[in-house]
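Visitor: what's the 3D shape of this:
(one chain, ligands or ions: 1)
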Amino acid sequence: MANVLIIFGSTGGNTELVCDKVSEVLTQNKHSAAIKRAEQTTITDLESFDVLIFASSTYGQGLLQDYIEPLYFEIKKTGLKGKKCTVIGLGDNKYNVEYVVEAAKILENMVKDAGGELVVPPLRINKTPVTVLNTSVNDWAQNLSNAI
Ligand SMILES: Cc1cc2nc3c(=O)[nH]c(=O)nc-3n(C[C@H](O)[C@H](O)[C@H](O)COP(=O)(O)O)c2cc1C
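Guide: As a prediction, this is how the structure comes out:
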């Protein structure tokens, strides 16, 4: 059983909704799952967990959500040293067709560059997550549960 921390940056609550669902599925599969807002998370908070999930929506022109940026830059400096990780990115192609769900790509590159181990491919959600919570979000979290 793994001890998982989900860290999210969310402006309107969509990313938080997805993280809540992922946490629910992990817990059903006997893992332990804690959720923290990125703006309340420091680098030392990450140390005691077996698996880290970084989640962010996309803003600006393909940028991370504001609250997760400070942690992103900290991780780029300190590294993730073989830690098991995965990422969740949200977006909506009505805002930007060039940088759709770019947050997933930014976080995936962060994990790889920081020396983390990406245990499953990113979960990417284009448009509202509400309609996919019980389908693709659930399936992704089940797959993650089996991989950790
Ligand atoms: C001002 C603004 C800019 C956005 N820019 C992008 C973008 O560049 N790429 C993208 O895929 N989605 C973009 N989005 C869509 C959001 O990422 C999407 O609505 C997401 O579900 C919001 O999640 P949150 O409620 O957790 O913040 C943008 C939304 C707003 C309001």
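Visitor: from the chain's centre, how far out does stretch 132-148 sit?
Guide: How far stretch 132-148 lies from its chain's middle: 13 Å, per CA atoms, centre = their mean, to the nearest Å.
Visitor: and what of stretch 68-80?
Guide: 14 Å.
Visitor: Check what contacts that stretch and list those residues.
Guide: 7-9, 38-39, 41-43, 52, 54, 56, 64, 106-107, 110-111, 113-116 (CB atoms under 8 Å, 6 or more residues apart in numbering). Glycine gets a C-beta too; all of them are placed from N, C-alpha and C.
Visitor: go on, stretch 126-143?
Guide: So stretch 126-143 is contacted by 14-15, 17-18, 21-22, 24-26, 29, 90-94, 100-101, 120, 123, 125 (CB under 8 Å, 6+ apart).
Visitor: Pull out the buried members of the residues you listed.
Guide: 14-15, 17-18, 21-22, 25-26, 29, 90-91, 100-101, 120, 123, 125 (16 or more other CB atoms under 10 Å).
Visitor: And the residue of this structure that's closest to the ligand?
Guide: G91 (2.2 Å; CB to the nearest ligand atom).
Visitor: could you list every residue that touches that residue?
Guide: So G91 contacts S57, T58, Y99, V100, V101, E102, A103, A104, R124, I125, N126 (CB under 8 Å, 6+ apart).
Visitor: what is the nearest residue to the first one once chain neighbours are set aside paired to in the beta sheet?
Guide: I take that to be S57. Leaving aside its chain neighbours, S57 sits nearest to L90 (4.2 Å; criterion: CB to CB, 6 or more residues apart in numbering). Beta bridges link L90 to S57, I125, judged by DSSP bridges.
Visitor: roughly how far apart are the residue of the chain closest to the ligand and Y99?
Guide: 8 Å (CB to CB, to the nearest Å).
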